[in-house]
Structures are given as C-alpha cells and as structure tokens.
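Visitor: model the following, please.
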Amino acid sequence: MPTLCSLVGKKGGHKGRMRTFNNPEEIDAQMKAEKERKKLQEEEAGASLNDAEGEKLPGSGSEDSDDEDGSQKRKGVEGLIDIENPNRVAQKNKKVTEIQLEEPRALSRREREEIEKQKAKERYMKMHLAGKTDQAKADLARLAIVRKQREDAARKKEEERKAKEAAATASRGVSALSLK
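Guide: Below is the predicted model:
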C-alpha cells in the first residue's frame, strides 16, 4: 500500500497545506498566564528563603556564605538533579569593601621594560644637558668652533670697514688738496 509521502514524491509535502495562525487575543492570554505563573514561583521562592533565614542561628557567620551559593537560581535540569562536581569552581562575588586598591599590583614584563626605558631616557637627558655625555661634548666642541669662526669673521669685517673708512678719508683729503 503506497503512502501519501511516496505519492507526492517528497517527504512531508508541507508546502501545499493550509497554514493556521493564532489570534492575537490568544497570544496575549498565554503571555499573561505565563507571567502570573512566574510571579507565583518567585513569591514562593522568596517565602521559602525567608523561612530558611529565620530558622538559622543569628551567631553563625560561616553558614551565611553557604546559603548565598545555594540560593542562586538554577536553570534547566539543575534544579531537579543535585550533582556535586569537584571540578566546578563556584564564582564568588567580591564586595567593594574587600577589594584593596592600595595594594600594589605586579607589573607585567612589558610595563616594567617601558618604565625602565623611560627612566633611562630621563637619566640620559639630564647627563646630556649637564654636558657629560659624548654627544654633548661633541656638540659643545662644534659650537665652540663655530663661535670662534664667527668672531674671526666679525673681526675681519670690522678691520675691512675701518680700512675702507681710512682709505675714504685719505682719498677725500687728497682730492681736497688737489682742488686747492
């Protein structure tokens, strides 16, 4: 006996079927019912936590941390099956008061090298400004040579100017005598 699937030639043959849609009122009603169900579950969980807190002794401080881990909302099947996994590390939230900001943190290798590099550069610049490095000594020697050359050039210029003035005054004197 051939089946409907073999007659159509495809598995399912869903494309020719008529599709059904939900009414928006039905969807709203389902969402409201789901919200109410969640509210009831949260209220029951809150009431059971309050009962558990009232039963424990007020002086026991070590039990407080155990209850905080156990009160986490379990997802999926975790609530039904209780399994202790020795490899699972429970995440502990640190309080702001527990965090110590004053404690110096260990620097990474790159950070340490960067700091050392900056300090070495500062030391070099101080020595360079004081004239104690080889480069600074070479620069100062070059500056002294340039300064001496400029002084010699200025002295020669001044002598030439004086010589021109003397020649000009001498030629004026000769031309004045020749006119008389």
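Visitor: confidence score at G59?
Guide: Per-residue confidence (pLDDT) for G59: 48.
Visitor: let me redo that: S65
Guide: pLDDT at S65 comes out at 47.
Visitor: just the one 4 residues further on next, same as before
Guide: With respect to pLDDT, D69 has a value of 50.
Visitor: what's the answer for the one 4 residues further on, then?
Guide: We note a pLDDT of 69 for K73 in this prediction.
Visitor: please renumber the chain so that the first residue is 57 from this point on.
Guide: Will do, 57 is the new start, and the previous item becomes K129.
Visitor: tell me the first helix or strand C-terminal of the host helix or strand of R166.
Guide: In this structure, R166 is located in helix 165-186 according to DSSP states H and E. Toward the C-terminus, helix 165-186 is succeeded by helix 190-235 as the next helix or strand (DSSP H and E).
Visitor: angle of that next one against helix 165-186?
Guide: On the basis of axes from the mean of the first three to the mean of the last three CA atoms, to 10 degrees, helix 190-235 is oriented at 30 degrees to helix 165-186.
Visitor: what about helix 190-235, average pLDDT?
Guide: Helix 190-235 comes out at a mean pLDDT of 88.
Visitor: just stretch 77-87 next, same as before
Guide: 89.
Visitor: would you put the C-alpha positions of that stretch in PDB?
Guide: These are the backbone C-alpha positions of stretch 77-87, laid out as PDB (Å, rounded to 0.1, in the frame of the first residue of the first chain):
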ATOM      1  CA  PHE A  77      -2.400  31.300  12.700                       C
ATOM      2  CA  ASN A  78      -3.100  32.100  16.400                       C
ATOM      3  CA  ASN A  79      -5.300  35.000  17.300                       C
ATOM      4  CA  PRO A  80      -3.600  38.000  19.000                       C
ATOM      5  CA  GLU A  81      -6.000  37.600  21.900                       C
ATOM      6  CA  GLU A  82      -4.900  34.000  22.500                       C
ATOM      7  CA  ILE A  83      -1.200  35.100  22.400                       C
ATOM      8  CA  ASP A  84      -1.900  37.800  25.000                       C
ATOM      9  CA  ALA A  85      -3.800  35.500  27.200                       C
ATOM     10  CA  GLN A  86      -0.900  32.900  27.100                       C
ATOM     11  CA  MET A  87       1.700  35.600  27.900                       C
END
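Visitor: thanks again, I'm all set now.
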